[in-house]
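In: Structure for this input, please:
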Amino acid sequence: MKKFVLYLFILLYFMSSVKVYAESYPSISAKAAIVMDQETGRVLYEKNPHEKLPMASTTKIMTLLVALEKGNLNDIVTVSKRAASVGGSSIWLSPGEKIDMESLLYGLMLNSGNDAATAIAEHIGGSVENFIEIMNQKAREIGAYNTHFVTPSGLDIGIDDHYTTAYDLALITRYAFRYPKFAEIVSTKEKTIPWEGREWDRYLRNKNKLLWIYEGADGVKTGFTNKAGRCLVSSASREGRRFIAVVLNSPPMWEDSMKILDYAFSKYKPYKVLEKGELIKKIKVEGGKENSVSVVSERECIIPALEDEKQDVNLEFHFPKSVKAPVEKGEKIGYVTVKIGEEKICDVNCVALKKVEQEDFGYNFQKIIKNWLKVLNPS
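Out: Numbers count the residues shown, from 1 in each chain. Model prediction:
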């Protein structure tokens, strides 16, 4: 009887543990998914994050990124027959129509215009093919090594090598958010843009439903093809933190996205590790009018952490033993690596608090005289 009670207790313990884990780490329908902190890049949730999958119109995140880096918002683009004839979602461009680049970018992201994607690619790259080369080069630069683009729109009929991973797509989106214009476009719910030859403007409405229904939602892009299924890259900001969620091949993409974002926001709280300008250490200065310089953190560092992880936060210091004068105020001296246990979270650059000038002959002579006087008058 005692053994039976013991076995029953053990069984109930493990059943309750499984239940708690299931409730804390959501189960979703998506084939692959991830939640990433935009500030640090820390992964907060993942499911098959490195599986290569088609991504449909979430491709346009990279199209927008390249356009912002290589293009000019004020450029006037002449629409080609090829661009105007691209099928699927469109903003109803006509051959020969002239439209500004900024309007095309809104049409690209709000209405998911495949015609806009092609017009952008031709204008910036000279050809769609050249633009795709730029897209792939940028992916490698960002570190999205398991991504390969074949089209600027995400259309994949008859194409087998247009793919990414949930991790890579989050990485690309995180990088793109460094541009304020990117954040502005992907968070826009509605927009009107010119329509050449018409008495009215084009009306655009963002297909990302989360912008209307999810607290803090501020981006970024939907996607669908028969091959890719339903895909969504979304983002939301709360308490000064922005989390990026990716779901690939997810029939209930809205529900899946909200579920994993809810998980991330409920479990991971902002934890301040460093203040901006916080004194880190003093570094010896060789040949300077002062013997050392104070080194401070260049920026505030706030990381997403589980409650029981805060005790495991630790810092690794990467500094030279000394620096040579002159040292400029704000000059980078070294950096601090923030870790939770053995997991690297981010690096924080550290800079000189003030300027240290190089010692000159006059300064050296004064120093020699002072030392000599100290010897003569030790009192």
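
In: Walk me through the domains of the protein.
Out: For the chain, the structural domains run 28-267, 273-361, going by automatic domain parsing.

In: Just the terminal-to-terminal distance for the first one.
Out: Between the opening and closing residues of domain 28-267 lies a distance of 17 Å (CA to CA, to the nearest Å).

In: Stretch 83-100 now?
Out: In stretch 83-100, first residue to last residue: 15 Å (CA to CA).

In: what does that stretch contact?
Out: 57, 73-81, 104, 107, 111-119, 122, 153, 155, 193-197, 202, 204 (CB atoms under 8 Å, 6 or more residues apart in numbering). All C-beta atoms are positioned from the backbone trio N, CA, C, and that covers glycine.

In: please redo it, this time with the cut-off set to 7 Å
Out: 74-81, 107, 111-116, 118-119, 122, 153, 155, 194, 196, 202 (CB atoms under 7 Å, 6 or more residues apart in numbering).

In: Got a quick ChimeraX command for the buried subset of those residues?
Out: This is how ChimeraX selects the buried members of the contacts of stretch 83-100, with burial counted by 16 or more other CB atoms under 10 Å:
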select :77,79,80,107,111,112,113,114,115,116,118,119,122,153,155,202
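
In: Now, the contacts of stretch 83-100 that are in strands?
Out: Secondary structure from DSSP state E places 76-78, 202 of the contacts of stretch 83-100 in strands.

In: Let me have the residues you listed in CSV, adding distance to S250 and pLDDT as columns.
Out: Output for these, formatted as CSV (distance: CB to CB, whole Å; pLDDT from 0 to 100):
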residue, distance to S250, pLDDT
I76, 38, 98
V77, 34, 98
T78, 38, 98
R202, 30, 97
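
In: how far out from the middle of the chain is the host helix or strand of L211?
Out: Using DSSP states H and E, the element containing L211 is helix 210-213. Centre-to-centre, helix 210-213 and its host chain are 20 Å apart (CA atoms, centre = their mean, to the nearest Å).

In: can you check stretch 309-329 too?
Out: Distance of stretch 309-329 from the chain centroid (CA atoms, centre = their mean) equals 25 Å.

In: How about stretch 40-50?
Out: For stretch 40-50, the separation from the chain centroid amounts to 12 Å (computed by CA atoms, centre = their mean).

In: Kindly report the same for stretch 221-229.
Out: Between the centre of stretch 221-229 and the centre of its host chain there is 22 Å, according to CA atoms, centre = their mean.

In: Check which residues of that stretch are buried.
Out: Residues of stretch 221-229 classed as buried: 221-225, 227-229 (neighbour count, 16+ other CB under 10 Å).

In: likewise stretch 121-130?
Out: Within stretch 121-130, the residues that count as buried by 16+ other CB under 10 Å are 121-125, 128.

In: Can you list which of these are found in helices?
Out: 121-125, 128 (DSSP state H).

In: and which of those is nearest to D262?
Out: Proximity of those to D262, judged by CB to CB, is greatest for A121, which lies at 36.5 Å.

In: which residues touch the closest one?
Out: With contact set as CB under 7 Å, 6+ apart, A121 has these partners: 128, 131, 152.

In: ditto for E286
Out: Contact partners of E286, counting by CB under 7 Å, 6+ apart, are 322, 324-325.

In: re earlier: please tabulate the contacts of A121 in a markdown table, including the columns distance to V295.
Out: Shown next, in a markdown table, are the contacts of A121 (distance: CB to CB, whole Å):
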| residue | distance to V295 |
| --- | --- |
| V128 | 49 |
| F131 | 44 |
| P152 | 45 |
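
In: Now pLDDT too, for the residues you listed, in TSV please.
Out: Formatted as TSV, the contacts of A121 follow (pLDDT from 0 to 100):
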residue	pLDDT
V128	98
F131	99
P152	98
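
In: Q38: which of those is nearest?
Out: Using CB to CB, P152 comes nearest to Q38 of the contacts of A121, at 24.0 Å.

In: ok, what's across the strand from K344?
Out: Residues in a beta bridge with K344, per DSSP bridges, are K339.

In: Kindly provide the distance from G71 to Y145.
Out: Taking CB to CB, to the nearest Å as the measure, G71 falls 25 Å from Y145.

In: Between these two, which has more neighbouring residues?
Out: G71 (19 against 13; other CB atoms under 10 Å).

In: Let me see the confidence value for that one.
Out: Confidence at G71, expressed as pLDDT, is 97.

In: Sketch out the low-pLDDT regions of the protein for me.
Out: Residue ranges of the chain with pLDDT under 70: 1-23, 361-379.

In: Buried deepest among the domains of the chain, which one?
Out: Stretch with highest mean neighbour count among the domains of the chain: domain 28-267 (a mean of 20; mean count of other CB atoms under 10 Å).

In: starting at the chain centroid, how far to that one?
Out: In this view, domain 28-267 has its centroid 13 Å away from the chain centroid, taken as CA atoms, centre = their mean.

In: What of stretch 27-45?
Out: Stretch 27-45 sits 12 Å away from the centroid of its parent chain (CA atoms, centre = their mean).

In: now the end-to-end length of that stretch.
Out: Taking CA to CA as the measure, stretch 27-45 stretches 11 Å from start to finish.

In: quick one: the residue positioned nearest the centre of the chain and A245, what's the gap?
Out: The chain has R174 as the residue nearest its centroid, 1.2 Å off, counting by CA atoms, centre = their mean. Going from R174 to A245 by CB to CB gives 12 Å.

In: just to revisit the earlier point, now the buried residues of stretch 121-130 as TSV including distance to M36?
Out: Shown next, in TSV, are these (distance: CB to CB, whole Å):
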residue	distance to M36
A121	27
E122	32
H123	31
I124	27
G125	28
V128	30
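
In: Need the nearest residue in space to E357, chain neighbours excluded.
Out: Excluding the flanking residues, the one nearest E357 by CB to CB, 6 or more residues apart in numbering is K289, at 4.9 Å.
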